[in-house]
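Peer 1: Here's my sequence, what's the structure:
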Amino acid sequence: MSLVAGSRAASRWATRGLALGCGALVVAAFPEPALWWWAWVALVPVLLLVATSPTPGEAALRAWLAGAGFTAAFYHWLATQGVLLLVVVAALLGLLWVPVGVVAHRLLGDRPGPRRLGLAIAVVPAVWVLTEAVRAVPVLGGPWAVLGLTQWNAPLLGQAAGLGGVWLLSLLVVAVNVALTAVAAPSGGTAGARLLAATGAGALLGLAALGGWAALGGWARAEPASSQVVRIALVQPGDIADPAERLAAHAALTAAVGRTDGADLVVWGQSSVTGDPAQQPAVEGVLRRAAADAGVDVLVNGKAGNPAAPSNTSWLYTPDGARATYHKRLLVPFGEYLPWRPVLGWLKSLTPAPHLDRVPGSRPVVMRTAGVTIGPLISYESAFPGLRRELARLGADLTVVQGSLGTFQGSWLHAQQAAMEAVRAMETGRPAILGAMSGTSVAFDARGRLLLWEPHQVTGAFVVTVPLVRVDTPYLRVGDWPLWAAAAIAACTAGAAVLRRAARHRAGAPG
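Peer 2: Numbers count the residues shown, from 1 in each chain. Below you'll find the predicted structure:
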């Protein structure tokens, strides 16, 4: 008897370990592996393990372990700040997979019929996207691991971002995974359910392709308003720790651009300047000379204001000084500020949180230079689609992000951040540029097509010609409608479940 019990316990723990590993494997769909097609089937093993759980509690546990495995694999670069930090982050963010697991167990388990399977194809993706929206809250790290981002390099399917943003891509990807789970389940559902699942998977893929084709073909986008181009030089000197050497390297590469390439704008990465140039006459002089040498404006970044509470700031420099300024609005939690410092102050020992919090900016800014309007953002802000829509509505012809990943140099984070620019471009119908001091610097046109990709191993100044095509996408005009649709589906389903339970309770009550 004890041997049987021990065997069952070992089997349970093996299955739980499998859930952890299956969750981690989902990350292969993200950069650097960037296997976009894997996203459309990657959740099937996780959903099978959840659906076949003997109890809702076991389903929740398996979903949590899968979520923890995914989070640990995706954010593996946090291990450079301490393995304990990575374990804590994985355990906490993994909890957001629990609602998905519970709902999937209820709707996909125990041989679902066509009605329950159809409900699963709608409800499970809705719950998934809502949990992604929760994880996208800035204090929790932002929308870095949103499943829809895996489609940045899909030949056609990713173009559907122009219709509903990254959230629509997530809904479609998860819905196909749910349908394929029903087809692949060992016990399976009814014959009608299996047929519905197979048909649904094909129909959803066709819908995604149709959405992408519509976006590319112009059904959902206006005709281009301009055929103008702008030449942008991205200065990438590498990870240089010494502030004086870093500034000198930027200035030298900028001077070379002015002598040979004839750019319309030069972009330096985040933290290219140490401190506030207004308080350092020598640094101010270098920046003015750099703009004079280039013959065009230079966008630089550093820390401004009170040294005890600085802001992360970008300046557009000319030979006469800075003529436009932007202060970073969304700060990196535990990197640029410590959330709820009086309560979480003890986490300073586990994270790179500063002793003093940075001061966030209060408003978006657009800058006019070389006859075009740019929308500047700084590093972490690249992950938030709402900021791009805001800048596009203010008249930005393109968005320019200044980045620097020296803390996580050489990790997958370079490609993860770079790939987001493609989706941001498809969402807003505006070219998206990322200039990273230590790589990876990239440029995408208004439809998310690659113009430049310079990995972190490369240094230099890279000039890219960017077509200034502006197309107002449905997502730009309407906003996060897939999130509202997901919330409505989840709310209606929960409400219907409550009403059914209440009706059963009344029917069973003594008269």
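Peer 1: so where do the helices sit in the stretch 51-200 of the chain?
Peer 2: 56-74, 83-94, 98-108, 114-135, 161-184, 191-217 (DSSP state H, counting those that start in this stretch).
Peer 1: so what strands line up beside the next helix-or-strand element following the longest one?
Peer 2: So the one you mean is helix 191-217. Using DSSP states H and E, the helix or strand that follows helix 191-217 in sequence is strand 229-236. Sheet pairing for strand 229-236, assigned by DSSP bridges, gives strand 265-267 (parallel), strand 460-467 (antiparallel).
Peer 1: on that earlier part again, got TSV for the helices of the stretch 51-200 of the chain, with mean neighbour count and distance to Gly305 too?
Peer 2: All C-beta atoms are positioned from the backbone trio N, CA, C, and that covers glycine. Shown next, in TSV, are these (neighbours: other CB atoms under 10 Å; distance: least, CB to CB, whole Å):
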stretch	mean neighbour count	distance to Gly305
helix 56-74	23	34
helix 83-94	17	29
helix 98-108	24	42
helix 114-135	21	31
helix 161-184	26	33
helix 191-217	18	42
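Peer 1: Minimum distance to Arg504: which of the ones you listed has it?
Peer 2: Judged by CB to CB, the one of these that comes nearest to Arg504 is helix 98-108, at 15.6 Å.
Peer 1: now that closest one against helix 56-74, angle please.
Peer 2: Counting by axes from the mean of the first three to the mean of the last three CA atoms, to 10 degrees, helix 98-108 lies at 130 degrees to helix 56-74.
Peer 1: Find the nearest non-adjacent residue to the most centrally placed residue in the chain, please.
Peer 2: Geometric centre of the chain, nearest residue: Trp144, 3.3 Å, by CA atoms, centre = their mean. Sequence neighbours aside, Ala383 is the residue nearest to Trp144 in space, at 5.5 Å (criterion: CB to CB, 6 or more residues apart in numbering).
Peer 1: Likewise for Leu48?
Peer 2: Distance criterion CB to CB, 6+ apart; nearest residue to Leu48, sequence neighbours excluded, is Thr181 at 5.8 Å.
Peer 1: Return the distance of that neighbour relative to Arg389.
Peer 2: Thr181 is 33 Å from Arg389, where distance means CB to CB, to the nearest Å.
Peer 1: beta partners for Ile374?
Peer 2: Note on Ile374: beta-bridge partners by DSSP bridges are Met367, Leu398.
Peer 1: How about the contacts made by it?
Peer 2: Shown in contact with Ile374 (CB atoms under 8 Å, 6 or more residues apart in numbering): Leu265, Leu299, Val366, Met367, Ala396, Asp397, Leu398, Thr399, Val400.
Peer 1: again, 6 Å this time
Peer 2: Met367, Leu398, Val400 (CB atoms under 6 Å, 6 or more residues apart in numbering).
Peer 1: My understanding was that the first one contacts Trp315; is that so?
Peer 2: No. Under the criterion of CB atoms under 6 Å, Met367 makes no contact with Trp315, lying 9.7 Å away.
Peer 1: count of residues packed around Gly386?
Peer 2: Gly386 is flanked by 14 other residues according to other CB atoms under 10 Å.
Peer 1: Could you list which residues are in contact with it?
Peer 2: Contacts of Gly386 by CB under 6 Å, 6+ apart: none found.
Peer 1: coming back round to it: gap between the residue nearest to the centre of the chain and Ala370?
Peer 2: 32 Å.
Peer 1: Thr473 too?
Peer 2: 25 Å.
Peer 1: Between these two, which is the more surrounded one?
Peer 2: Comparing Thr473 with Ala370 by other CB under 10 Å, the one with more neighbours is Thr473, at 26 against 14.
Peer 1: got a list of contacts for the one helix or strand Val401 maps to?
Peer 2: Using DSSP H and E, Val401 maps to strand 398-403. The contact list for strand 398-403 (CB under 6 Å, 6+ apart) reads 267, 269-270, 301, 374-379, 382, 388, 391, 430-436.
Peer 1: what's the answer for stretch 315-331, then?
Peer 2: 138, 287-288, 291-292, 297-300, 311-314, 337, 358, 360-361, 365, 367, 376, 378, 381.
Peer 1: Show me those residues that map onto strands.
Peer 2: Residues of the contacts of stretch 315-331 located in strands (DSSP state E): Asp297, Val298, Leu299, Val300, Ser311, Asn312, Thr313, Ser314, Met367, Pro376, Ile378.
Peer 1: For those residues, work out which two are farthest apart.
Peer 2: The widest separation within the ones in strands among the contacts of stretch 315-331 (CB to CB) is 20.9 Å, between Asp297 and Ser311.
Peer 1: which of those two has more neighbours?
Peer 2: Asp297 (25 against 22).
Peer 1: List the beta-bridge partners for that one.
Peer 2: Bridge pairing for Asp297 (DSSP bridges) gives the partners Leu265.
Peer 1: which ones are touching it?
Peer 2: Asp297 touches Leu265, Leu316, Thr318, Thr369, counting by CB under 6 Å, 6+ apart.
Peer 1: For those, which single residue is the most surrounded?
Peer 2: Leu265 leads the contacts of Asp297 on contacts (other CB under 10 Å) with 25 neighbours.
Peer 1: Type out the PyMOL command that picks the buried ones from the contacts of stretch 315-331.
Peer 2: The following PyMOL line selects those of these that are buried, judged by 16 or more other CB atoms under 10 Å:
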select buried, resi 138+287+288+291+292+297+298+299+300+311+312+313+314+337+358+361+365+367+376+378+381
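Peer 1: now, which of the contacts of Ile374 sits nearest Gly206?
Peer 2: Set against Gly206, the nearest of the contacts of Ile374 by CB to CB is Leu398 (32.4 Å).
Peer 1: Okay then, goodbye and thanks.
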